[in-house]
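Asker: here is a sequence together with a model predicted from it:
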Amino acid sequence: MRQRPSVVNKVLEFLLTLASSLKSKRSVAFSMIISGLAIFVGLSSFHLLGFYSSIKLETLNVEFDGPIQIPENDIPFKIEPVQAATLDIKDQLQNTESNQEQLPKTKLDPKITEIVIPNSEIPSETSTKEFLELYNSENFRIPHPKYWGNPLSAGSDPYLPKKNFRPLGFLPLNDEKWKSVNVFSLPMQMSVPLVKIESSISELRIIDHGNHLAYETPNNVIGHIPKSANPAEIGNGWYFGHIESPIAKEGSVFHKLPEVATLLRDGEPVYITISSTETEFLYQVVSSLIIHKDELELYETKDHSITLVTCSNRPYYDHRQLVTGKLIGFKQISPSN
């Protein structure tokens, strides 16, 4: 005959079951707390990045306050520093002592109580021509425009740093050869040397998404809206590129485009070149503008313009940066190139 479990055994079984349940619940609770903290930190970092990015948006609104033209000088002015001769301190002391020994020893006449300086002809009006010529020389044009508002704290940054792109061989649009440029030539390559943007250009196709039509997103290239102006046509050519694409992995050809705004604010001329199979076109950036993505509309112009568009305000990417350039020159591409 089976013995019934004692009350003590039942109590022990209950306690073991309860302990096991509590241990499992503690483990689940601990995991939930860790997961919650991770989500909180992630969301906080996400929104902090968004807040920091949003307060920086205004700095991307800039208009270039300078001449829009092909630079007059293809080669920037450069001052070579003079290397001063250096002497050892011991050598300098010896030279000083030897020079003193060579000086004639003279005695002052105690009767002389007044030093007479011979009369010299001093013009009543000092000429300032040489001073003005020096002031207007290249030596005084070196201070960077970003220091003009506060000259007392000016640095030594040159007006045209070595890294700046100086376009060579471009002709103005009023040149006779402009008439022979093919207005139907498609853009093939874009370069913004000052911020190291270099990419091929692709014509964007229209994709049918069922309930609406949209242009495809550029995949590791700069996308040109086909219905917008070609380089030699009057109107505005629209070019799109990713600033970054961590999910779709479609490249980041315009990753450094925000740097253009800083350069414009500092008074730097920023040039863009677009090449077709026959001609290379030179543009100069005139402005950088930030708008909300819902405000973006493609528009035309009455001159030769381009607009580069990329996302802004990471990590939301709900704004767009528009960099506008004006066509200022062109040159034919030789077949050998």
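Answerer: Cool, the structure landed. Numbers count the residues shown, from 1 in each chain.
Asker: make it CA atoms for all contacts and neighbour counts henceforth
Answerer: OK.
Asker: helices along the stretch 151-300 of the chain, start to end?
Answerer: Under the criterion DSSP state H, counting those that start in this stretch, the stretch 151-300 of the chain carries helices at the ranges 259-265.
Asker: can you get me a residue count around the residue nearest to Leu264 when sequence neighbours are not counted?
Answerer: Using C-alpha to C-alpha, 6 or more residues apart in numbering and skipping the chain neighbours, the partner closest in space to Leu264 is Phe64 (5.3 Å). Using other C-alpha atoms under 10 Å, Phe64 is surrounded by 20 other residues.
Asker: next one: Arg320
Answerer: Residues lying near Arg320 (other C-alpha under 10 Å) number 21.
Asker: so it bridges to which residues?
Answerer: According to DSSP bridges, the partner residues bridging Arg320 are Ile291, Cys311.
Asker: that one: what's it in contact with?
Answerer: Arg320 is in contact with 290-293, 296, 309-312, counting by C-alpha atoms under 8 Å, 6 or more residues apart in numbering.
Asker: then Lys293?
Answerer: Counting by C-alpha under 8 Å, 6+ apart, Lys293 touches 318-320.
Asker: repeat for Met188
Answerer: Residues in contact with Met188 (C-alpha under 8 Å, 6+ apart) are 200-202, 274-277.
Asker: quick one, strands of this protein?
Answerer: Using DSSP state E, the strands of the chain run over residues 62-63, 189-192, 197-203, 206-208, 213-215, 222-224, 235-240, 271-275, 279-292, 304-312, 319-332.
Asker: angle of the last one against strand 235-240?
Answerer: Going by axes from the mean of the first three to the mean of the last three C-alpha atoms, to 10 degrees, strand 319-332 is angled at 120 degrees with respect to strand 235-240.
Asker: stretch 246-258: end-to-end distance?
Answerer: Taking C-alpha to C-alpha, to the nearest Å, the first and last residues of stretch 246-258 lie 18 Å apart.
Asker: contact partners of it?
Answerer: Under C-alpha under 8 Å, 6+ apart, the answer for stretch 246-258 is 60, 195-199, 218-222, 241-245, 310, 321.
Asker: hmm, back to that, quick one: buried ones out of the contacts of Met188?
Answerer: Among the contacts of Met188, those classed as buried by 16 or more other C-alpha atoms under 10 Å are 200-202, 274-276.
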